[in-house]
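Novice: Have a look at this fold, sequence not included:
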Ligand code: OOG
Ligand code: MG
């Protein structure tokens with residue numbers, strides 16, 4: 001497997017909005033897949049993008065069922081992927097964007113494996129993630145979606161709340177709306193039982209995460225297609241909501 005060649009092909013697919021065929025990448029295992037992801041993210045950083053966050057994927061049964069995989073994965077977020085709350089997001093260059101409701105954590109201290117995750121958290125917020133697999137039809141093996149930086153394409157974070165009196169966020173209603181219509185409903189309990197567990201998992205997978213890092217805990221529901229000209233909103237009970245409008249072109 002040529003790690004650089006696959007990273008370059010995935011990067012070109014994202015930049016040109018042209019998907020690769022899934023299922024035939026020849027990736028040996030997830031170790032090789034994360035090496036491709038590293039090379040892919042390095043291409044973005046070489047173009048001047050800055051790392052802003054860490055994301056988990058397939059932390060809920062809803063997502064695992066939708067995508068036909070059953071293992072936790074992780075990817076990286078950059079400043080290019082940030083969508084301002086209440087702002088606009090151009091989807092015209094994307095392949096087949098989908099959106100999903102999430103919970104975001106902001107680190108105030110370093111998050112280390114085995115440490116108390118809550119001690120490192122400065123704030124919590126409702127979030128939306130836009131995913132856009134660089135594989136045809138969103139069909140891929142586990143190694144392939146890891147190599148593709150876990151389909152990451154964009155993310156929006158709502159107002160941050162002090163986690164002090166929020167408890168473990170264990171069973172809060174989650175609502176995803178498109179143009180004011182309910183698209184998906186769920187609960188934060190879908191995220192590994194409670195989203196705090198995602199923090200422990202992130203620490204274990206990343207080694208250590210620095211203060212200022214945003215962590216997306218993984219979608220609480222299945223993802224839904226995100227067409228242009230759509231207002232999308234996610235609400236997490238007790239945390240408020242976050243939204244943006246998709247556009248075509250600038
Ligand atoms: C991979 C991304 C999974 C999540 O929140 O579970 C993910 C995909 O579904 O294409 O971001
Ligand atoms: Mg996600």
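Specialist: Sure thing, it's come through. From a predicted model like this one, the values you see are computed outputs, not experimental measurements. Ligands and ions are numbered 1, 2, ... in the order given.
Novice: can you tell me which residues contact the residue nearest to residue 138 when sequence neighbours are not counted?
Specialist: Spatial nearest neighbour of residue 138, chain neighbours left out: residue 96 (6.6 Å); criterion: CB to CB, 6 or more residues apart in numbering. Placement of C-beta: from N, CA and C, glycine included. Residue 96 makes contacts with 19, 132-133, 137-138, 225, as judged by CB atoms under 8 Å, 6 or more residues apart in numbering.
Novice: same deal with residue 95?
Specialist: If you count contacts by CB under 8 Å, 6+ apart, residue 95 has them with 13, 17-19, 132-134.
Novice: Ok, residue 62 next?
Specialist: Neighbours of residue 62 in contact, by CB under 8 Å, 6+ apart: 186, 190, 219-222.
Novice: in the helix or strand hosting it, what counts as buried?
Specialist: Using DSSP states H and E, residue 62 maps to helix 61-67. Residues of helix 61-67 classed as buried: 62-64, 66-67 (neighbour count, 16 or more other CB atoms under 10 Å).
Novice: which of the residues you listed are close to ligand 1?
Specialist: The overlap between the buried residues of helix 61-67 and the neighbours of ligand 1 (CB under 6 Å from any ligand atom) comes to 63, 67.
Novice: can you name the two of the buried residues of helix 61-67 that are farthest apart?
Specialist: Largest separation among those by CB to CB: 62 and 67, giving 9.8 Å.
Novice: intersection of neighbour lists for those two?
Specialist: Counting by CB under 8 Å, 6+ apart, nothing touches both residue 62 and residue 67.
Novice: from the chain's centre, how far out does stretch 43-61 sit?
Specialist: From the chain centre to the centre of stretch 43-61 is a distance of 8 Å (CA atoms, centre = their mean, to the nearest Å).
Novice: Can you list the buried residues in that stretch?
Specialist: Across stretch 43-61, burial judged by 16+ other CB under 10 Å covers 43-44, 49, 52-60.
Novice: Point out the ones among these that are inside helices.
Specialist: 43-44 (DSSP state H).
Novice: is it possible to export the buried residues of stretch 43-61 to TSV including pLDDT and distance to residue 176?
Specialist: Putting these into TSV (pLDDT from 0 to 100; distance: CB to CB, whole Å) gives the following:
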residue	pLDDT	distance to residue 176
43	98	31
44	98	27
49	98	27
52	98	23
53	97	20
54	97	22
55	97	17
56	96	18
57	96	17
58	95	18
59	92	16
60	93	13
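Novice: Just the closest of the buried residues of stretch 43-61 to ligand 1, please.
Specialist: Nearest to ligand 1 among these is residue 57, at 3.0 Å by CB to the nearest ligand atom.
Novice: quick revisit: beyond the helix holding residue 62, next helix or strand please.
Specialist: Proceeding N to C from helix 61-67, the next assigned helix or strand is strand 73-78, under DSSP H and E.
Novice: ok, residues contacting that next one?
Specialist: Contact with strand 73-78 is made by 37, 41, 44-45, 49-58, 142, 145-146, 149-152, 155, 202, 205-206, 214, 216, as judged by CB under 8 Å, 6+ apart.
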